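J.: Here is my input; please provide its structure:
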Amino acid sequence: MTQHHRLRNLTCGGIAAVFCVLACGCHDGPLYGLKRINPYYSMREWKRDRELGVTDHQRREELASLAGQIGDMSAKEQAKWAPHLDRILGNDPSPEMRRLSILAAAELKTPGAIEMIERGLDDESLKVQMEACRSLGKRREPEAAQLLASTLGTTPELDVKNSAIAALGNHKGTIPVESLRLALEDRDPATIDLAMKSLKGVIGKDYGSDPKQWIAAIDGQAAPTDATAESEDDVRVAAEDDGATLR
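T.: Sure thing, here's the model as predicted:
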């Protein structure tokens, strides 16, 4: 009986040791799946590690975690991760991984962040393009509004167009105003409503739910009231009369 218990204890201990090795021995700390495809590793080693069992789910979870933390990192830490994100954006076959890399790039304070996000606008996946638009809405560089305006004017995709419209609402200046003013002439009612909502953020005023009122206000052609019109006519006539008297 004693020998039976001893064998059972040895078996349990062996199983526990195996689990410890699997849980700890093969990994090297947090964000393991991402570290093993760090740009400082070769593409060959990256492929080998993926074959050994780094799952797509694990990599997505780790990249999502990185995207939520990278904004609070130091400039040095961000500079370390920036080329890694760029590598994912350029090489990863998963649209979700590329989208998450854009999400993380939106928080970078390192040089080249805006260029990385711009690459997402040309991605084959619509959800990556939409994430690039949302990310440009978070940036304060003048180029961000310019890229959004260009996207709004060229993309044939309604979802991408609307993402650009929403993102332009976070910017100020003539570029977003002019771009959104053109969107007010769109045939899609949802796009027009979204453009008016974004213009409220850009201009800081509300001209109602009629796009014509917004267009008139932006163009400086708001129709005056009758009383105002008469007053303006009186001033113009008086000025002409004064001119005639002076002559």
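
J.: Show the residue spans covered by the helices in the chain.
T.: Using DSSP state H, the helices found in the chain span residues 2-20, 32-35, 43-51, 56-69, 75-91, 95-105, 113-121, 126-138, 142-154, 158-168, 174-183, 189-203, 211-218, 226-246.

J.: Domain map for this protein?
T.: Per automatic domain parsing, the domain ranges recorded for the chain read 32-139, 141-222.

J.: Which of the ones you listed has the lowest mean pLDDT?
T.: Sorting the domains of the chain by mean pLDDT places domain 32-139 lowest, at a mean of 86.

J.: Output the domains of the chain as CSV; include the columns mean neighbour count.
T.: Backbone N, C-alpha and C define where each C-beta goes, glycine included. Rendered in CSV, the data for those read as follows (neighbours: other Cβ atoms under 10 Å):
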stretch, mean neighbour count
domain 32-139, 18
domain 141-222, 17
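
J.: Show the end-to-end separation of stretch 62-77, please.
T.: Stretch 62-77 has its terminal residues 16 Å apart, counting by Cα to Cα, to the nearest Å.

J.: The nearest residue to Glu77 once chain neighbours are set aside and Leu199, how far apart?
T.: Taking Cβ to Cβ, 6 or more residues apart in numbering, and ignoring the residues beside it in sequence, Glu77 has Ile70 as its nearest neighbour in space, at 7.9 Å. According to Cβ to Cβ, to the nearest Å, Ile70 and Leu199 sit 32 Å apart.

J.: try Arg98
T.: Counting by Cβ to Cβ - Arg98 and Leu199 are separated by 31 Å.

J.: what phi and what psi does the backbone show at the nearest residue in space to Ala217 that is not next to it in sequence?
T.: Excluding its sequence neighbours, the residue lying closest to Ala217 (Cβ to Cβ, 6+ apart) is Tyr207, at 4.9 Å. Tyr207 has phi and psi values of phi -110, psi 20 when expressed as degrees, to the nearest 10.

J.: Does Tyr207 touch Gln213 like I think?
T.: Yes: counting by Cβ atoms under 8 Å, Tyr207 touches Gln213, with 4.6 Å between them.

J.: Settle this for me: Arg60 is touching Leu100, isn't it.
T.: Yes: Arg60 is in contact with Leu100 according to Cβ under 8 Å; the separation is 6.9 Å.

J.: Show the contacting residues for Leu152.
T.: With Cβ atoms under 8 Å, 6 or more residues apart in numbering as the criterion, the residues that contact Leu152 are Lys161, Ala164, Ile165, Leu168, Ser179, Leu182, Ala183.

J.: Val128: which of those residues is nearest?
T.: For Val128, the closest of the contacts of Leu152 turns out to be Ala164, at 13.8 Å, with distances computed as Cβ to Cβ.

J.: and the gap between that closest one and Ser65?
T.: Distance check for Ala164 against Ser65: by Cβ to Cβ, it reads 28 Å.

J.: just Ala79 next, same as before
T.: 19 Å.

J.: Likewise for Ile203?
T.: To Ser65, Ile203 is 38 Å away according to Cβ to Cβ.

J.: And for Leu147?
T.: When Cβ to Cβ is applied, the distance between Leu147 and Ser65 equals 27 Å.

J.: how about Val202, what does it touch?
T.: Leu168, Gly169, His171, Lys172, Gly173, Pro176, Val177, Leu180.
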